[in-house]
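# make a model of this:
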Amino acid sequence: MRTLTRTAARFLLAGIFMYSGYGMIQSAERYAKLASGALPMIPENPMIARIQGAAMLGAGSTFALGILPKTSARILALTLIPNTIVGHPFWKAEKSEERRPQLVHFLKNLGLFGGLLYVSADKRTQSNPED
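Okay, here's the model as predicted:
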């Protein structure tokens, strides 16, 4: 039962990263423009968004399958940092009705980040798919 629970948990946690990574690859131009607008030091280069999306899609897939779950979780946690800063800047919202949804998504990403950190530090997490 523990194996089934862990497998289901990995798939559920990985789903958002695989879906978002695929979307980022498909809409790289839009994400590149968004990123360069939020962080002026980043060039408006769609290849950066494609690489970020590929990292999310790849690490999400390996995490879901239980292939190097700790490494995959660490990569996913790292991809959340720019995604959260660029995608959910609640501190920039001028009206509270604009701020609230961004804050909710920001906090959701912090929760995902915490879950991924937990997985990456869990001594029971194995590196084989049979855990």
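# quick one: low-confidence parts of this protein?
Scanning the chain for pLDDT under 70 picks out the ranges 125-131.
# ok, 80 please
For the chain, the stretches with pLDDT under 80 are 1-2, 124-131.
# please enumerate the helices of it.
2-26, 28-38, 46-65, 69-87, 96-121 (DSSP state H).
# if we go by neighbour counts, what in the first one is buried?
Same thing as helix 2-26. Going by neighbour count (16 or more other C-beta atoms under 10 Å), the buried part of helix 2-26 is Arg6, Thr7, Arg10, Leu13, Ala14, Phe17, Met18, Ser20, Gly21, Met24, Ile25. Every residue, glycine included, has its C-beta placed from N, CA and C.
# do you know how far the fifth one is from Leu65?
Pointing back at Ala14 there. Ala14 sits 9 Å away from Leu65, going by C-beta to C-beta, to the nearest Å.
# burial measure for the residue nearest to Thr84 when sequence neighbours are not counted, as a count.
Using C-beta to C-beta, 6 or more residues apart in numbering and skipping the chain neighbours, the partner closest in space to Thr84 is Asn109 (4.3 Å). Other residues near Asn109 number 18, with proximity taken as other C-beta atoms under 10 Å.
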